[in-house]
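Undergrad: the sequence and its predicted three-dimensional model are supplied below.
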Amino acid sequence: SKTPIHVAVTGAAGQIGYALLPRIASGQMFGPDQPVVLRLIEIPHEKAMAALKGVAMELEDCAFPLLRDMVLTSDVNEGFRDANWALLVGAKPRGPGMERGDLIKENGPIFVGQGRAINDHASADVRVAVVGNPCNTNALIAMHAAKDVPNERFTAMTRLDQNRAEAQLAQKAGVAVSEVHNMLIWGNHSATQVPDFKNATIGGKPADEVITDHEWLKNDFFSTVQKRGAAIIQARGLSSAMSAANGLIDHVHDLVNATADGSWRSVCVPSDGSYGVTEGLISSFPVQSDGQGGYKIVQGLELGDFLSGKLKASVAELEEERETVADLLS
Ligand code: NAI
């Protein structure tokens, strides 16, 4: 049978971890015939490690045939050892009264340490997906810290935003969500993100031809997608976890497998300057995977003035975030 894939997951005892791990172990990320070893990383606190132990016990109790082994650790060197995929989910949440800039400064150093550990201990083919917020800038920090790992192996997640946007378009058009294709998020995973209603299709037609209420597209649709995370916190008292884990399953699954011709997925990857996005920033783009470990940024999409203006603002925010952590990038 196949050699197991080693999947390292940080923040494994958190909410997203709880929704994510059974889906990895049951084959939904890497396929139904691909065994996995889970390398579960938590902070070196008694409570966190005890909770992690409990999660691992439950995973045992699921008796997943594909789950070959588990490593539970608070040592990142051990955690990322031989990892083929590093899923950086753990991060400190934003506390009351904390500004976005403070959050970036608090979390930044963690991603330096994790980037170095990935560099020194992960498998030569390691690929990284960052979920912990601010995910674009955390991915940038880890990428800079992992000097020997090719930059294009670092990604951050806007797939949850893409999925949210698909659901909103389907609802508005009164069709099944499976009718919506090529929904795309540009820019930062933040309130400035840009859900692209021009290049998405509904039943094979441009979304903005099917949905003729363009004021809705530019206003309600935009703000619903941008503020969905806050709306979930408001409703549930906790941030999105089931849907975030689902987004990460989709993100990795679709990077491992080839994307059909003429299709793309939203993935935050290092910019090569495409679409005027400052080179080197990790920003969300239309990404097409070759299914062999490589991908390309799909070229030639038209954004129009409205979406271009929004993308510019989101890129400006990414530049600001990069400025805030400049000392961690040298
Ligand atoms: P949580 O607070 O339930 O769990 C986070 C876990 O990470 C905790 O168990 C904590 O002990 C652990 N942790 C913190 N620092 C760590 C470190 N340095 N190394 C290893 N583990 C560490 O949070 P939840 O709900 O699971 O969310 C995790 C992150 O995902 C948050 O930053 C959240 O903002 C982000 N998120 C991102 C989304 C996206 O679309 N990109 C969507 C939803 C959440």
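TA: Everything's here; your move. Fair warning: this is a prediction, and the values are worked out from it, not measured in the lab.
Undergrad: C-alpha from now on. contacts and neighbour counts both.
TA: Fine.
Undergrad: for the stretch 1-150 of the chain, which segments count as strands?
TA: Along the stretch 1-150 of the chain, counting by DSSP state E, counting those that start in this stretch, strands occupy 5-10, 36-41, 67-73, 85-88, 127-130.
Undergrad: and these as JSON lines, adding mean neighbour count?
TA: Below are the strands of the stretch 1-150 of the chain laid out as JSON lines (neighbours: other CA atoms under 10 Å):
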{"stretch": "strand 5-10", "mean neighbour count": "25"}
{"stretch": "strand 36-41", "mean neighbour count": "25"}
{"stretch": "strand 67-73", "mean neighbour count": "17"}
{"stretch": "strand 85-88", "mean neighbour count": "24"}
{"stretch": "strand 127-130", "mean neighbour count": "25"}
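Undergrad: same list (those) but as CSV, adding distance to residue 180.
TA: As requested, those are exported to CSV (distance: least, CA to CA, whole Å):
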stretch, distance to residue 180
strand 5-10, 31
strand 36-41, 32
strand 67-73, 34
strand 85-88, 28
strand 127-130, 25
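Undergrad: so which of the ones you listed comes closest to residue 54?
TA: Set against residue 54 and scored by CA to CA, these come closest in strand 67-73, at 10.8 Å.
Undergrad: pull up the residues of the stretch 151-300 of the chain that are close to the ligand.
TA: Applying CA under 6 Å from any ligand atom, we find that the stretch 151-300 of the chain lies next to the ligand at 157, 158, 160, 239, 240, 241, 244.
Undergrad: make sure the fourth one is indeed in a strand.
TA: If I follow you right, that is residue 239. No: note on residue 239: no strand contains this position according to DSSP: H, G, I helix; E, B strand; the rest coil, which reports coil.
Undergrad: which helix or strand contains the residue lying closest to it once chain neighbours are set aside?
TA: Nearest-residue entry for residue 239: residue 233, 4.7 Å, with adjacent residues in sequence omitted and distances by CA to CA, 6 or more residues apart in numbering. With secondary structure defined by DSSP states H and E, residue 233 is part of helix 228-236.
Undergrad: and the helix or strand just after that helix, how far from the chain's centre?
TA: Remark: after helix 228-236, the chain's next helix or strand is helix 242-256, criterion DSSP H and E. Mean-position distance between helix 242-256 and its chain equals 8 Å (CA atoms, centre = their mean, to the nearest Å).
Undergrad: and the angle for helix 242-256 with helix 228-236?
TA: 140 degrees (axes from the mean of the first three to the mean of the last three CA atoms, to 10 degrees).
Undergrad: list the buried residues of helix 242-256.
TA: With burial defined by 16 or more other CA atoms under 10 Å, the residues of helix 242-256 counted as buried are 243-256.
Undergrad: need these in CSV (columns: distance to residue 177 and pLDDT).
TA: Below are the buried residues of helix 242-256 laid out as CSV (distance: CA to CA, whole Å; pLDDT from 0 to 100):
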residue, distance to residue 177, pLDDT
243, 15, 98
244, 18, 98
245, 19, 98
246, 15, 98
247, 15, 98
248, 19, 99
249, 18, 99
250, 15, 98
251, 18, 98
252, 21, 99
253, 19, 98
254, 18, 98
255, 21, 98
256, 23, 98
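Undergrad: return the member of the residues you listed nearest to residue 67.
TA: Nearest to residue 67 among the buried residues of helix 242-256 is residue 249, at 16.1 Å by CA to CA.
Undergrad: which residue, other than its chain neighbours, is closest to residue 145?
TA: Using CA to CA, 6+ apart and skipping residues adjacent in sequence, the residue nearest residue 145 is residue 115, 4.9 Å away.
Undergrad: that neighbour and residue 43: what is the separation?
TA: Residue 115 is 16 Å from residue 43, where distance means CA to CA, to the nearest Å.
Undergrad: so residue 105 makes contact with residue 326?
TA: No: Residue 105 is not in contact with residue 326 according to CA atoms under 8 Å; the separation is 10.4 Å.
Undergrad: ok, the two, which is more surrounded?
TA: Of the pair residue 105 and residue 326, residue 105 is the one with more neighbours under other CA atoms under 10 Å, namely 14 against 11.
Undergrad: leaving out sequence neighbours, find the closest residue to that one.
TA: Per CA to CA, 6+ apart, closest to residue 105 is residue 325, 6.8 Å.
Undergrad: over to residue 68?
TA: Residue 68 sits nearest to residue 37 (CA to CA, 6+ apart), 5.4 Å away.
Undergrad: quick check: beta-bridge partners of that neighbour?
TA: On the basis of DSSP bridges, residue 37 is bridged to residue 6, residue 69.
Undergrad: hmm, residue 4 and it touching each other?
TA: Yes: with contact defined as CA under 8 Å, residue 37 counts as touching residue 4 (6.2 Å).
Undergrad: okay, and the common contacts of these two?
TA: residue 68 (CA atoms under 8 Å, 6 or more residues apart in numbering).
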